[in-house]
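**Q** got a sequence here, can you build the structure:
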Amino acid sequence: MTIEEDIAEMQRHDIETLGRWEIAQVPEPISASFGGGETSLTLTLVVHAESDFILSSHAAPADEKNSATATLVEVIKKHGVFPETLAVKDQALFDELEPIAHALGFNIERTSRFRAIPEVLRAMTRLLSKRP
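**A** Down below sits the predicted model:
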């Protein structure tokens, strides 16, 4: 299915909402920690803000178009819920995701500060720094 077909399918169903989600795209940190050097991958993280639960993480080439949209659609399909509110920091990411939020009827907002994503990234860094 295409993203558009997935969205159309979701619009035909009553899907519950599950709290506030945060979504961000950051340089993928894992490859370099395993000796891979610099990477041109971007990690898309979708995190449930109240619990710090990682709903999805997806690494893709930095220049891949709509990777955040594809990741968000996959999260919704996998878990069968929408966010009540999707928080984003980056204007370009907001612009990419606003049409899907509008189409599916959930809120999207720009924020200057995340609650959960920084903690998830710190935990990833701590874990990777413990490698022998």
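**Q** give me the beta-bridge partners of the residue nearest the centre of the chain?
**A** In the chain, the centroid-proximal residue (Cα atoms, centre = their mean) is Val46; its distance is 3.0 Å. On the basis of DSSP bridges, Val46 is bridged to Ile23, Ser56.
**Q** quick thing: my sequence starts at 685, can you match it?
**A** Let's use 685 as the start, then, which means that last one is Val730.
**Q** tally of neighbours for Arg704?
**A** Arg704: 19 surrounding residues under other Cβ atoms under 10 Å. Yep, even glycine has a C-beta here, placed from its N, CA and C like the rest.
**Q** so it makes contact with Thr769?
**A** Yes - contact criterion Cβ atoms under 8 Å: Arg704 and Thr769 qualify, at 4.8 Å.
**Q** local confidence estimate at the nearest residue to Ala744 once chain neighbours are set aside?
**A** Spatial nearest neighbour of Ala744, chain neighbours left out: Ser751 (4.2 Å); criterion: Cβ to Cβ, 6 or more residues apart in numbering. pLDDT recorded at Ser751 is 92.
**Q** surely Ser751 touches Ser740?
**A** No - taking contacts as Cβ under 8 Å, Ser751 lies outside contact range of Ser740: 11.3 Å.
**Q** what do these two both touch?
**A** Common neighbours of Ser751 and Ser740 (criterion: Cβ atoms under 8 Å, 6 or more residues apart in numbering): Thr728.
**Q** which stretches in this structure count as strands?
**A** Ranges of strands in the chain, per DSSP state E, are 700-701, 704-711, 725-732, 737-745, 765-766, 769-772, 791-794.
**Q** tell me which of those sits nearest to Thr686.
**A** If you check each of the strands of the chain against Thr686 by Cβ to Cβ, strand 737-745 wins as the nearest, at 16.9 Å.
**Q** got the angle between the closest one and strand 704-711?
**A** 30 degrees (axes from the mean of the first three to the mean of the last three Cα atoms, to 10 degrees).
**Q** give me the buried stretch members for strand 737-745, please.
**A** Judged by neighbour count using 16 or more other Cβ atoms under 10 Å, the buried positions of strand 737-745 are 739-740, 742-744.
**Q** just these now: which is nearest Thr726?
**A** Thr726 has its nearest neighbour among those in Ala744, at 5.9 Å by Cβ to Cβ.
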